[in-house]
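*Asks:* Here is my input, please return the structure:
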Amino acid sequence: MKKITLFVFLLAFAFVNAQNDDKTTDKLSFAKGTQFVNLNLSLNTTNSDLNGAIQTQESRNFGFSINPSYSYAISDNFFLGLGLGYTTNSRENDLNGVLDNEASTNSFSVFPFVRYYKGIGKKLAFFVQGETRYSHSKNEVNNTNARTTNSFFFGVRPGLTFMLSKNIGLETSIGALGYTTSNVEDEGNNSESDFNSFNFSLNSSNLLVGLSYYF
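*Replies:* Model prediction:
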């Protein structure tokens with residue numbers, strides 16, 4: 001919910017600036033040959049307690065992700081890029097003050113992408129990013145490698161870029177429309193499964209906020 005609120009705030013901020021920029025004829029544009037490097041970071045922690053008459057339960061969750069990328073404009077406002085990603089999540093559950101179980105997931109990804117910008121203000125541009133993302137993740141429960149997942153995502157992400165200066169841009173995007181295919185190997189029951197889905201998501205897990213350096 002906090003991430004959604006942040007995105008709405010950024011949208012409102014961008015809209016106000018776009019109205020001010022409309023007083024000029026210039027719109028934000030990126031010339032052929034422009035390059036940028038981008039870094040998206042995400043951190044989240046949660047703690048919950050359940051106190052009952054017989055037992056107490058406590059759950060702790062931690063998540064962190066980093067996604068650096070590089071892109072080059074092959075024509076005005078149209079970029080080709082490549083990104084890498086790493087995500088880690090862990091959860092610990094205590095029962096009556098004693099560790100009951102723990103789980104962790106580590107994921108690595110690579111995602112080539114294309115991005116097109118449309119200026120809507122002197123410092124503001126809307127973009128649509130089409131990407132193909134391959135992810136490899138391992139899930140461990142109580143230090144046992146229980147599940148390995150390989151997945152491909154094909155889809156698009158919309159977003160906004162606001163130039164804080166000539167070279168520094170703040171960007172945000174939320175949601176993804178696309179198709180995902182996954183293969184899951186479960187060592188716990190020695191099984192293998194395939195999953196395919198087509199979905200449109202606006203949840204906070206798909207919110208990306210980062211900084212870009214253009215040169």
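*Asks:* where do the strands sit along the protein?
*Replies:* 35-51, 56-75, 78-95, 98-119, 124-141, 144-163, 168-174, 176-186, 191-201, 207-214 (DSSP state E).
*Asks:* got any ranges where this protein has weak pLDDT?
*Replies:* Low-confidence segments of the chain (pLDDT under 70): 1-25, 50-55, 94, 96-100, 145, 201-207.
*Asks:* Would you mind measuring the gap between the ends of stretch 169-184?
*Replies:* Stretch 169-184 has an end-to-end distance of 38 Å (Cα to Cα, to the nearest Å).
*Asks:* Am I right that L160 is in contact with A125?
*Replies:* Yes: assessed by Cβ atoms under 8 Å, L160 is found in contact with A125 at 7.3 Å. From N, CA and C alone the C-beta is placed, and that goes for glycine too.
*Asks:* Compare neighbour counts for these two and give me the winner.
*Replies:* Shown here are L160 and A125; by other Cβ atoms under 10 Å, A125 has more neighbours (25 against 22).
*Asks:* Do I have it right that that one meets F79?
*Replies:* No: the criterion here is Cβ under 8 Å, and A125 misses it with F79 at 11.7 Å.
*Asks:* Pull up the overlap in contacts between these two.
*Replies:* Common neighbours of A125 and F79 (criterion: Cβ atoms under 8 Å, 6 or more residues apart in numbering): F30, Y117.
*Asks:* OK, contacts around S29?
*Replies:* If you count contacts by Cβ under 8 Å, 6+ apart, S29 has them with D76, N77, Y117, G119, A125.
*Asks:* which one of those residues sits closest to F154?
*Replies:* Nearest to F154 among these: Y117, at 21.3 Å, using Cβ to Cβ.
*Asks:* Identify the bridge partners of L160.
*Replies:* The bridge-partner assignment for L160, based on DSSP bridges, gives F126, T172.
*Asks:* next one: N199
*Replies:* Beta-bridge partners for N199, by DSSP bridges, are G178.
*Asks:* Kindly tell me how buried it is, as a neighbour count.
*Replies:* Look at N199: counted by other Cβ under 10 Å, it has 10 neighbours.
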